[in-house]
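Asker: based on what follows, work out the 3D shape:
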Amino acid sequence: MLGLIRAEALLFYAEVLRRKSILVTFSLFPYLLTLLILLIGSSAGSFNAFESKVGISPVPFFISSSFVLMVVLGVSDEILWRPIYNEEMGTSPYVVSSPSNPILRSLAIPIPRLSLTLVLGSTSVLPVLLYYFGSGFLLESISIMGLAALSGLALSSLAIAISGLATLWGESWRIIQVIRPLLFIFLGVFYPKHVMPTFARLISSLIPSSHTIEAIQTVLLGGSNILVPIGIGVALFMFYLPIGQKSLSIWERKKLRSGGIRT
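Answerer: Numbers count the residues shown, from 1 in each chain. Got it, this is the predicted structure:
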């Protein structure tokens, strides 16, 4: 596993060094998205109305939510689009012929990007939360960043399952383009689960990261009951792992039967 992570890190950080604008983009993303949401939201209602409904000022809520979204979608995008990238680059035969475990290989894909995102989170989450809540909120701020990382990792098994199944059905990029915005909605990042309609809450409950995101929102609101949602998120992560393993195995056998690949 460490060798796979190292290989992915070499590829990812080589790209970061080549395109240093990635660092600026990752640092500014939470601020720009929060600003956009606040500008649109101010036309629909006041900050006081938001705080009375959600229980927290919109600025720290949305800066944290934007950071979590960047982390979670970064992980899902790395996994969902990798098979398509390999097909376009002609590297699928080498991937299928690799002796490494396909599920471990897929889990290793987003870790380098995740590590960089967490480091850059100190430029957005930490200063804003410490400004609003004071230095006494430092541990909570760090825990929010850690839970954001857990949210990304929790989604990885579901993303692997979706990626494998979408590749089997063909034209996987169309399926991903439909699923990605749905994940954006049902994760509960900007629209907490407790204010969702019942059907949306049920769908959200099937996504591992929605539970760890619920734990993040609990920390933001000053609560401490986070072990249960974290446990549910981890359990769902484990539930989707064998599905992802099976879909990847079927996809690899399909590639072998299609010709052009020998083991």
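Asker: so where do the helices sit in the stretch 101-250 of the chain?
Answerer: Ranges of helices within the stretch 101-250 of the chain are 102-108, 111-121, 125-133, 138-169, 172-186, 198-205, 208-220, 227-257, based on DSSP state H, counting those that start in this stretch.
Asker: next, the angle helix 172-186 makes with the last one.
Answerer: In other words, helix 227-257. 180 degrees (axes from the mean of the first three to the mean of the last three C-alpha atoms, to 10 degrees).
Asker: so for helix 227-257, what gets flagged as buried?
Answerer: Residues of helix 227-257 classed as buried: 229-230, 232-234, 236-237, 240-241, 243-245, 247-248, 251-252, 255 (neighbour count, 16 or more other C-beta atoms under 10 Å). C-beta here means a position set from N, CA and C on the backbone, and glycine is covered the same way.
Asker: which helices and strands does the helix or strand encompassing Leu39 pack with?
Answerer: With elements delineated by DSSP states H and E, Leu39 resides in helix 21-42, which encompasses its position. The contact analysis (3 or more C-beta pairs under 8 Å, 6 or more residues apart in numbering; DSSP states H and E) places helix 21-42 against helix 2-18, helix 58-89, helix 111-121.
Asker: deepest in the core, which of the helices of the stretch 101-250 of the chain is it.
Answerer: Mean neighbours per residue, mean count of other C-beta atoms under 10 Å, is largest over the helices of the stretch 101-250 of the chain for helix 208-220, with a mean of 25.
Asker: one step back: the helix holding Leu39 vs helix 2-18, what angle?
Answerer: Between the axis of helix 21-42 and that of helix 2-18 there is an angle of 80 degrees, by the same axes, to 10 degrees.
Asker: what does helix 21-42 contact?
Answerer: Outside of helix 21-42, the residues that reach it under the criterion C-beta atoms under 8 Å, 6 or more residues apart in numbering are 15-16, 50, 58-59, 62-63, 66-67, 69-70, 116-117, 120-121, 123-125, 190.
Asker: noted, bye for now.
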